[in-house]
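In: need a 3D model of the following:
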Amino acid sequence: MRICRLWKITALCMAALLALCVPVSDGMRVSARALDEALVADALSEECPEEEELPEEETVPEEELGPEEESPTEEPDGGGVPAEDPAGELPEEDPALPDAEDPDSAVNADANTVWQYDFVYTLNSIDNSITITKYTGQSLDVTVPAIARVNDIIYHTQIKNNSNSASMWGNRVSKISFESGVKAISCAHLFHGCTGLTSVDLSGLNTSGVQNFSDMFTNCIHLGYVDFTGLDTSSAQDFHSMFKGCAALQDVIWGGIDTSRVASTVDMFNGCGALTNMDLSGLNLNNVTKSSAMFYNCSQIKRFNLQNWDMSGNFNGANMFTNCLGMVSVDTPLNLTVEIDLPVTLVDAQKKKYTQLPMNLTTTKHLVIPGDESAKEAWIRAFIARMYNVALGRDYDAEGYENWVQLLMNDSIDGAGVGAGFILSQEFKNRNLSNPDFVALLYRVFFAREPDQAGYEHWLNMLNRGSKRKVVLAGFINSPEFANTCADYGIRQGHMDLTPEDLETDDSVYRDKVLDFIRRMYLVALNREGEEWGVYMWTEKIMIGEVSVQDVASYGFYMSPEYQNRNRADTEFITDLYEGLFDRTPDLSEIYHWLYRLEQGESRESVIYGFTRSEEFSNMLASFGL
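Out: Model prediction:
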């Protein structure tokens with residue numbers, strides 16, 4: 001035997017002993033057996049240099065080589081993050097060992113599948129399943145594999161969230177998908193509180209037999225849409241709070257899922273303020289008996305299609321449409337057994353008004369039919385009825401109602417004229433609303449939604465600094481968002497003019513703060529000093545309430561042609577936003593987060609909007625006294 005071969009065998013024994021107890025970097029553990037096999041392969045593949053062989057009479061006796069190594073003990077179940085550990089922390093790394101991703105490492109990276117070390121999990125040796133209950137990794141894009149190999153045993157992946165309130169994904173993960181065959185034990189709270197989530201692919205998730213889908217996406221505040229196509233919901237019984245608090249949700253693709261056993265849709269879309277349409281006509285919801293607050297605070301939904309929903313039996317629809325102030329059209333359900341209040345007054349083609357979905361409805365009724373010229377009067381009547389209901393807080397009187405309708409029908413007045421007529425009326429003034437209530441009501445009247453925090457604070461600050469309510473009213477009436485509201489009803493927006501007397505305020509100090517902010521925006525966004533006429537133009541627009549500070553920062557600067565012509569790369573663009581709008585430099589994780597969202601197709605306009613509506617930007621404005 002050659003001396004080098006003898007030395008390598010000794011090294012193998014020592015390495016095997018070390019591998020039994022020493023963790024490898026990144027939380028991975030590799031069995032002694034796997035390490036031994038890798039080193040053996042390495043040793044046998046390497047040529048030894050020519051050396052003088054020992055004489056036969058001097059051959060080392062076998063007993064002097066030491067006893068034979070025992071087989072290494074298998075590692076206990078649980079992996080790198082045992083489920084019993086409440087802290088869910090990875091074992092401390094030993095810096096002396098090679099990194100698992102180091103190509104020069106002697107460890108064979110394919111010896112074990114190690115993705116599971118990014119999760120809290122448990123192993124079941126009876127059915128060979130690995131159940132993951134919490135993600136602890138650092139990736140923003142997570143794909144859950146269908147199988148795991150632990151100590152050379154294949155386990156099939158199952159998933160559930162053991163918490164009813166905490167996110168199992170943290171708040172940084174932005175994209176989640178599943179390899180085909182991952183089994184959901186329950187979908188309750190599966191993505192609850194995953195506030196960074198923007199995209200989820202459910203196509204690989206096996207949900208057969210799952211009954212509980214409650215709170216599945218609760219408070220996923222950045223999630224834009226969900227596609228259920230192909231999902232097995234044949235056993236589903238509970239959709240309670242499924243999308244509650246999903247403020248950015250714009251669409252749900254149902255894909256013909258089976259909902260025939262669903263009994264509860266309570267709070268299902270509560271707080272989904274970005275939804276504009278809801279078509280449930282393709283779902284079988286005839287077994288549902290509880291739908292209270294189902295669309296609560298869905299302030300921008302304009303059209304509901306509930307026409308195939310049989311609401312017979314013991315049905316509870318209390319507060320089903322509360323604060324759905326954007327509602328302009330409903331295809332009503334079948335066999336309604338209770339009266340459900342509507343937040344606005346709707347009319348049908350025969351000009352009959354509805355403030356409730358009528359009890360004992362047996363056929364589908366279309367309230368406020370959109371489309372052709374014959375529907376113009378129905379839309380106008382709905383617009384005027386809504387103004388009485390929301391602005392004045394009462395049902396309309398017949399004479400006043402008909403007068404407003406005829407003025408709009410004859411094109412003698414526009415949306416601006418109607419809005420100003422109601423808000424500047426003596427009846428409205430007699431309501432004696434406080435500044436906060438006044439601003440909140442303007443959002444409901446003209447934008448058909450609840451106020452966003454940044455905009456609400458902007459208008460309220462103007463009033464508190466001495467601006468007249470008429471100036472704030474003009475800001476709402478002349479806005480692009482009210483133009484959209486008018487378009488929904490088929491009427492002209494028009495414009496509300498102000499006089500110099502309307503614009504008079506004593507707030508010269510505030511004007512100076514606005515000037516400072518605008519001058520800074522020229523420097524940080526356009527990399528130049530601002531021309532005086534431009535500085536004063538933007539300042540005046542803010543002072544009279546024509547635009548908000550947030551809109552000036554976004555549309556006036558970062559979305560301006562001049563900024564776009566700077567041709568900033570994505571990383572430069574993100575850094576510009578942090579430095580200009582947050583007055584700080586981003587860290588790498590923040591840059592990677594936004595780069596990923598841009599790579600997934602999110603527009604720069606959407607990113608800018610998120611920055612200018614954030615709490616951190618509001619704090620930066622506060623430092624300017626704005």
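In: so where's the stretch 151-300 of the chain uncertain?
Out: Within the stretch 151-300 of the chain, the segments meeting pLDDT under 70 span 165-166.
In: quick one: the strands in it?
Out: For the stretch 151-300 of the chain, applying DSSP state E, counting those that start in this stretch gives strands covering 153-159, 175-178, 182-184, 199-201, 205-206, 225-227, 251-253, 277-279.
In: could you dump these to a markdown table with distance to residue 312 and mean neighbour count?
Out: Placement of C-beta: from N, CA and C, glycine included. Listed next are those as a markdown table, based on distance: least, CB to CB, whole Å; neighbours: other CB atoms under 10 Å:
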| stretch | distance to residue 312 | mean neighbour count |
| --- | --- | --- |
| strand 153-159 | 37 | 18 |
| strand 175-178 | 38 | 19 |
| strand 182-184 | 32 | 21 |
| strand 199-201 | 35 | 18 |
| strand 205-206 | 33 | 21 |
| strand 225-227 | 29 | 17 |
| strand 251-253 | 25 | 15 |
| strand 277-279 | 21 | 16 |
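In: nearest to residue 367, out of the ones you listed?
Out: strand 277-279 (14.6 Å; CB to CB).
In: parallel or antiparallel, which strands does the closest one pair with?
Out: With DSSP bridges as the test, strand 277-279 is paired with strand 303-305 (parallel).
In: what lies in contact with the partner strand?
Out: Contact with strand 303-305 is made by 276-281, 295, 321, 327-331, 370, as judged by CB atoms under 8 Å, 6 or more residues apart in numbering.
In: report all helices and strands that whichever helix or strand comes after it contacts.
Out: As assigned by DSSP states H and E, the chain's next helix or strand after strand 303-305 is strand 329-331. Here strand 329-331 touches strand 303-305, strand 340-347, strand 366-367, going by 3 or more CB pairs under 8 Å, 6 or more residues apart in numbering; DSSP states H and E.
In: buried ones in the longest one?
Out: Burial within strand 340-347, assessed by neighbour count using 16 or more other CB atoms under 10 Å, is assigned to 340, 342-347.
In: for it, name the packing helices and strands.
Out: The criterion is 3+ CB pairs under 8 Å, 6+ apart, and the helices and strands that strand 340-347 contacts are strand 329-331, strand 353-357, helix 376-387.
In: mind listing the residues bridging to residue 143?
Out: The partner residues for residue 143, given DSSP bridges, come to residue 177.
In: which residues of this structure score low on pLDDT?
Out: Scanning the chain with the threshold set as pLDDT under 70 gives 1-114, 165-166, 348-351, 368-375, 503-509, 544-545.
In: the domain parsing of it - what is it?
Out: What automatic domain parsing lists as the domains of the chain is 3-65, 377-489, 508-623.
In: now do the longest one: distance to the chain's middle.
Out: When you say that, I think you mean domain 508-623. 22 Å (CA atoms, centre = their mean, to the nearest Å).
In: any chance of CSV for the buried residues of strand 340-347, columns distance to residue 358?
Out: Output for the buried residues of strand 340-347, formatted as CSV (distance: CB to CB, whole Å):
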residue, distance to residue 358
340, 9
342, 11
343, 16
344, 16
345, 13
346, 11
347, 13
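In: would you mind putting the CA coordinates of stretch 232-241 into CSV?
Out: Once non-C-alpha atoms are left out, stretch 232-241 reads as follows in CSV (Å, rounded to 0.1, in the frame of the first residue of the first chain):
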residue,chain,number,x,y,z
ASP,A,232,-59.9,22.2,-6.3
THR,A,233,-62.5,23.8,-4.1
SER,A,234,-65.0,21.0,-4.2
SER,A,235,-64.8,20.5,-0.4
ALA,A,236,-64.7,24.2,0.4
GLN,A,237,-67.2,25.4,3.1
ASP,A,238,-65.7,28.6,4.5
PHE,A,239,-64.7,31.7,2.5
HIS,A,240,-64.9,34.0,5.6
SER,A,241,-62.6,37.0,5.3
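In: contacts for it, please.
Out: 188, 206-215, 218, 257-268, 270.
In: same check, this time on stretch 554-570
Out: 521-522, 525-527, 538, 547, 576-577, 580, 594-595, 598, 604-605, 608-609, 611-612.
In: filter the residues you listed down to just the buried residues.
Out: In those, burial by neighbour count holds for 521-522, 525-526, 538, 547, 576-577, 580, 594, 598, 604, 608-609, 611-612, counting by 16+ other CB under 10 Å.
In: in stretch 137-156, what counts as buried?
Out: In stretch 137-156, counting by 16+ other CB under 10 Å, buried: 137, 140, 142, 144, 148-151, 155-156.
In: wait, isn't residue 244 in contact with residue 273?
Out: No. Applying CB atoms under 8 Å, one finds residue 244 not in contact with residue 273, separated by 11.8 Å.
In: more neighbours, these two?
Out: Neighbours per residue, other CB atoms under 10 Å: of residue 244 and residue 273, the larger number sits with residue 244, 24 against 20.
In: now do the contacts for the more buried one.
Out: Taking CB under 8 Å, 6+ apart, we find residue 244 in contact with 215, 218-219, 267-272.
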